[in-house]
Every structure is written in C-alpha cells, then in structure tokens.
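# A structural model of the following input is requested.
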Amino acid sequence: MATLFINKSESRCGACNKGASPYETAHLTLVGWAAIDDRMKGCGAEFDAVSSDYYGFPGLKDAILEMRPDLPYMGPD
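Numbers count the residues shown, from 1 in each chain. Below you'll find the predicted structure:
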C-alpha cells in the first residue's frame, strides 16, 4: 500500500518515490523523466490514500479530491 502524491507538475508513488500516473489504482506505469525506457514499470504498490507536497496552495485539495474521489485525502490542507 502507498500514498499517491499529486503535485502541480508531477505525481509520484509514496512507496518507491518515482513518477506515477494519478489515474491508476496502483503504481503500474512509471511516468516522468525517469521513464526513459518503456521496459521500466512502476513498483506495483496499490494506492490507499492521496496527498500532496504543497502547503498553502489554494484549491489544491479540492482539485485532488475531484481527480481521485475514491481515495482518502491525507493532507496538507
């Protein structure tokens, strides 16, 4: 199990700290600059919560919850 971190310009898996698609239920696809080889896959951890690294960014929590209403939001507020 892992937290999915959704930020302004990227999202990542809390288990392996590598780029993850914010639309997958588990870290299956490696995305971002680290995905230079299509054989590279995500770590497979299932997402059980969503969060962000940004504090005090107006509307971020609402945008994240709209994107992933299936996951509990763990902050920041």
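
# thought Met1 was touching Glu46?
Yes: in this structure, Met1 is within contact of Glu46 by Cβ atoms under 8 Å, at 5.7 Å. For every residue, glycine as well, the C-beta is placed using N, CA and C.

# more neighbours: which of those two?
Using other Cβ atoms under 10 Å as the criterion, Met1 and Glu46 rank with Glu46 on top: 13 against 10.

# and the closest residue to the more buried one other than its chain neighbours, how close does it get to Cys16?
Once flanking residues are discounted, Glu46 sits nearest to Ala26: 4.4 Å by Cβ to Cβ, 6 or more residues apart in numbering. For Ala26, the distance to Cys16 equals 12 Å [Cβ to Cβ, to the nearest Å].

# what do you get for Ala45?
Distance from Ala45 to Cys16, by Cβ to Cβ: 7 Å.

# list residues touching both of these two?
Listed as contacting both Ala45 and Cys16 by Cβ atoms under 8 Å, 6 or more residues apart in numbering are 2, 27.

# list residues touching both of Ala26 and Cys16?
Common neighbours of Ala26 and Cys16, using Cβ under 8 Å, 6+ apart, are 42, 45.

# settle it for me: which of those two has more neighbours?
Using other Cβ under 10 Å as the criterion, Ala26 and Cys16 rank with Ala26 on top: 19 against 15.

# can you pull the contacts of that one?
42, 44-47.

# between these, which is nearest Glu10?
Gly42 (13.8 Å; Cβ to Cβ).

# the residue nearest to that closest one when sequence neighbours are not counted: how many residues sit nearby?
Closest residue to Gly42 apart from its sequence neighbours, by Cβ to Cβ, 6+ apart: His27 at 3.4 Å. Other residues lying near His27 total 25 when counted by other Cβ under 10 Å.
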